[in-house]
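**Student:** Return a 3D structure for these sequence lines:
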Amino acid sequence: MSVTTAEPANPGGLPVIRKPQDVIDLVNEHPSLRGGAVAIFVALGGVLLDAYQATMIGFGNKYIAAQFGISSGLAATVNASVLVAALIGGLASQKIINRLGQKRAFVLAMAVCSFAAVAVAFAPSIWWVLVFRVLMGLGLGVDFPLATNAVAELAGAGSKNSGRSVNLWQMGWYMATTVVYLILIALNSAGIVEERLWRYGILIGGIFGVVVLVSRYFLIGESAIWAGRQGHYDEAVRVLWDRYGVQAVVAPEAESDVPAAERTTKGAYRILFNRTYLRRTVLGCVVATMQAWQYNAVGVYLPLTLAGILTGGLSASLSGSAVVNLLAGVTGGAIGSVIVHRFGSRRQTMTGFGLVAVCLLLLGLLGTSNPWLALVLLGLIIFFHSAGPGGLGMTIATLSYPPSIRPAGIGFARAIMRTGAIAGLILWPMLWGALGTDAFYWLAIVPLVGFFTGLLIHWEPMGYNVDEEDAAVLQEINLEGK
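**Tutor:** You can find the predicted model right below:
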């Protein structure tokens, strides 16, 4: 640890750093000079890889089952192992980030994801698929809190662009899923055997992961807030200047011995359930879980669903999936990010859930009568999901907590969210196989749960400077740590 001990030259009245909160305030007040779209999507690279691999493995589910001689339900369960592992990784993310810092944790998480993706592509048995999917899940679980936390820092929590920037992960998700279908269409046109398309697709995803890893290393770097919390004030000053254009000096009386409890934020998960944060935690977790459930039923298995509705075989289902994701998913995510600051995350979430529920009921009622009507309704479901709750569960979790417990809040919400993803991934093929389009009636219950949760819990993080609560949270952490 290095702390300036001499009286710093400060002729221009530069900001003075005496404690970690001073670093947090400067980050909060000054959006990053590198906070443009490129930096944001590089920071969200793990989320994009998650979307890519989830969609690719969803497409390959029936081929995996056939190749390894197992049932489609067992194949879906093996594929869902990535979500269980991600749940564990999300809960461990706070400790890993505190120990390694943003830069090294970013590199580690993405290296694990990239290696696992390449390994899955060459897996000789279903058991090796299971092992490498678990490894990938651990990396993805750690990565997501890093990604959204980094975006919040890049935008500045006090900026009206913070919610807009964080919520861009949903637009990025659908961009990645659209790329999946375009790659599959290209591979299919190139004459790749249909049963091996998933292997080639997953391998390409591993290469994308390496590109993200290298880009992050050079574009994102270390977190000034993490450096300040560790007492590395000279490093925090360097990051503030390099990333935010803020020139600051370290005071001679700066806290050179930051309390251990404050450095590690031990006890952060307990604080998520205290009187201040319980409602925020419940709202973020329920919204994230219900949106994951409905997406993993409809979105991940979109080619399977379309194949049962449209004629034209694999080419038609892939093309239809690409069109739906591009026109509905990407557009919905972009519109949702633009309007969220005006309408608020809670109201926008409720609206999205309500409209998804209506479309699901109509799809169950009319889905078999007209394939084009079914395609339009599926597109509307993806659109309202993407513009509404699809991204806002994690946006609410990101913007509801100050920096000291933000990784814990995001990690916990993301971990709980995985239970919804698992339910959608495993249960939907069973419901679809047993009930056909009548399964949409049952799925409509999921968005209705999300709608009524938003109706009952009145919390709106948009426009609220949650970083101002950090000092009080750290005081509580220090008291609990004694």
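**Student:** Tell me how far Thr351 lies from Ile339.
**Tutor:** Note on Thr351: its distance to Ile339, by CB to CB, to the nearest Å, is 10 Å. Yep, even glycine has a C-beta here, placed from its N, CA and C like the rest.
**Student:** of those two, who's got more company?
**Tutor:** Between Thr351 and Ile339, counting by other CB atoms under 10 Å, Thr351 is the more crowded of the two (17 against 14).
**Student:** need the contact list for the more buried one.
**Tutor:** Neighbour list for Thr351: Phe343, Phe384, Gly388 [criterion: CB atoms under 8 Å, 6 or more residues apart in numbering].
**Student:** wait, which of the residues you listed is closest to Val287?
**Tutor:** Minimum distance to Val287 across these is 9.4 Å, recorded for Gly388 (CB to CB).
**Student:** Dihedrals phi and psi, that closest one?
**Tutor:** For Gly388, the backbone dihedrals (degrees, to the nearest 10) come out as phi -110, psi -110.
**Student:** Assess the claim that it and Gly333 are in contact.
**Tutor:** No: contact criterion CB atoms under 8 Å: Gly388 and Gly333 do not qualify, at 10.2 Å.
**Student:** More neighbours: the two, which one.
**Tutor:** Gly388 (30 against 26).
**Student:** so what's that one up against?
**Tutor:** Applying CB under 8 Å, 6+ apart, we find Gly388 in contact with Gly332, Gly336, Gln348, Thr349, Met350, Thr351, Gly352, Phe353, Leu355, Val356.
**Student:** Surely Gly228 touches Ile24?
**Tutor:** Yes: at 6.9 Å, Gly228 counts as touching Ile24 under the criterion of CB under 8 Å.
**Student:** Those two - which one has more neighbours?
**Tutor:** Neighbour count, other CB under 10 Å: between Gly228 and Ile24, Gly228 has more, with 28 against 25.
**Student:** List the contacts of the more buried one.
**Tutor:** By CB under 8 Å, 6+ apart, the contact list for Gly228 reads Ile17, Pro20, Asp22, Val23, Ile24, Ala236.
**Student:** 7 Å instead?
**Tutor:** If you count contacts by CB atoms under 7 Å, 6 or more residues apart in numbering, Gly228 has them with Pro20, Val23, Ile24, Ala236.
**Student:** again, but for Val210
**Tutor:** Contacts of Val210 (CB under 7 Å, 6+ apart): Ser114.
**Student:** Assign it to helix, strand or coil.
**Tutor:** helix (DSSP: H, G, I helix; E, B strand; the rest coil).
**Student:** pLDDT wise, what is it at?
**Tutor:** Note for Val210: predicted pLDDT of 89.
**Student:** now swap in the one 5 residues further on and tell me
**Tutor:** At Ser215 the predicted local distance difference test score is 84.
**Student:** who's in contact with it?
**Tutor:** For Ser215, the contact set (CB under 7 Å, 6+ apart) comprises Val42, Gly45.
**Student:** Spatially nearest residue to Ile204 (excluding sequence neighbours)?
**Tutor:** The shortest distance from Ile204 to any non-neighbouring residue, by CB to CB, 6 or more residues apart in numbering, is to Ile183 (6.1 Å).
**Student:** for Glu153, same thing?
**Tutor:** Setting aside the residues directly before and after it, Glu153 is nearest to Val27 in space (CB to CB, 6+ apart), at 5.7 Å.
**Student:** any idea how far that neighbour lies from Arg270?
**Tutor:** Val27 is 25 Å from Arg270, by CB to CB.
**Student:** between those two, which one's more packed in?
**Tutor:** More neighbours surround Val27 than the other of Val27 and Arg270, with 28 against 14 (other CB under 10 Å).
**Student:** Surely that one is in a helix?
**Tutor:** Yes: counting by three-state DSSP, Val27 is located in a helix.
**Student:** Start at 16, not 1
**Tutor:** New numbering, starting at 16: the last item is Val42.
**Student:** Distance of it relative to Arg421?
**Tutor:** 12 Å.
**Student:** can you give me the strands for the stretch 16-165 of the chain?
**Tutor:** Taking DSSP state E, counting those that start in this stretch to define them, one finds strands in the stretch 16-165 of the chain at 31-32.
**Student:** which stretches of it aren't confidently modelled?
**Tutor:** By pLDDT under 70, the low-scoring segments of the stretch 16-165 of the chain are 16-28, 46, 48-52.
**Student:** quick one, helices of it?
**Tutor:** Remark: helices assigned in the stretch 16-165 of the chain by DSSP state H, counting those that start in this stretch are 35-44, 52-58, 60-83, 87-136, 141-170.
**Student:** Ala430 is nearest to which of those?
**Tutor:** helix 87-136 (3.8 Å).
**Student:** just checking, what packs against that closest one?
**Tutor:** Identification of packing neighbours for helix 87-136 by 3 or more CB pairs under 7 Å, 6 or more residues apart in numbering; DSSP states H and E yields helix 60-83, helix 141-170, helix 212-234, helix 421-450.
**Student:** can you give me how far the first one is from the chain middle?
**Tutor:** Relative to its parent chain, helix 60-83 has a centroid offset of 17 Å by CA atoms, centre = their mean, to the nearest Å.
**Student:** What residues of it count as buried?
**Tutor:** 60-80, 82-83 (16 or more other CB atoms under 10 Å).
**Student:** cool, the third one as well?
**Tutor:** With burial defined by 16+ other CB under 10 Å, the residues of helix 212-234 counted as buried are 212-221, 223-225, 227-228, 230-231.
**Student:** by how many degrees do that helix and helix 141-170 diverge?
**Tutor:** Relative orientation of helix 212-234 versus helix 141-170 (axes from the mean of the first three to the mean of the last three CA atoms, to 10 degrees): 30 degrees.
**Student:** How far away from the center of its chain is helix 212-234?
**Tutor:** Computed by CA atoms, centre = their mean, the separation of helix 212-234 from the middle of its chain amounts to 17 Å.
**Student:** May I have that helix as CSV, with CA atoms only?
**Tutor:** The C-alpha atoms that make up helix 212-234 are tabulated as CSV, following Å, rounded to 0.1, in the frame of the first residue of the first chain:
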residue,chain,number,x,y,z
LEU,A,212,-23.7,-27.2,-35.9
TRP,A,213,-23.8,-26.7,-32.1
ARG,A,214,-20.1,-27.7,-31.7
TYR,A,215,-18.9,-25.3,-34.4
GLY,A,216,-21.1,-22.5,-32.9
ILE,A,217,-19.8,-23.0,-29.4
LEU,A,218,-16.2,-23.0,-30.6
ILE,A,219,-16.8,-19.7,-32.3
GLY,A,220,-18.2,-18.3,-29.1
GLY,A,221,-15.0,-19.3,-27.3
ILE,A,222,-13.0,-17.3,-29.8
PHE,A,223,-15.3,-14.3,-29.1
GLY,A,224,-14.5,-14.7,-25.4
VAL,A,225,-10.8,-14.3,-26.1
VAL,A,226,-11.4,-11.1,-28.0
VAL,A,227,-13.5,-9.7,-25.1
LEU,A,228,-10.8,-10.7,-22.6
VAL,A,229,-8.0,-8.8,-24.5
SER,A,230,-10.3,-5.8,-25.0
ARG,A,231,-11.2,-5.6,-21.4
TYR,A,232,-7.6,-5.7,-20.2
PHE,A,233,-6.8,-2.6,-22.2
LEU,A,234,-10.0,-0.6,-22.2
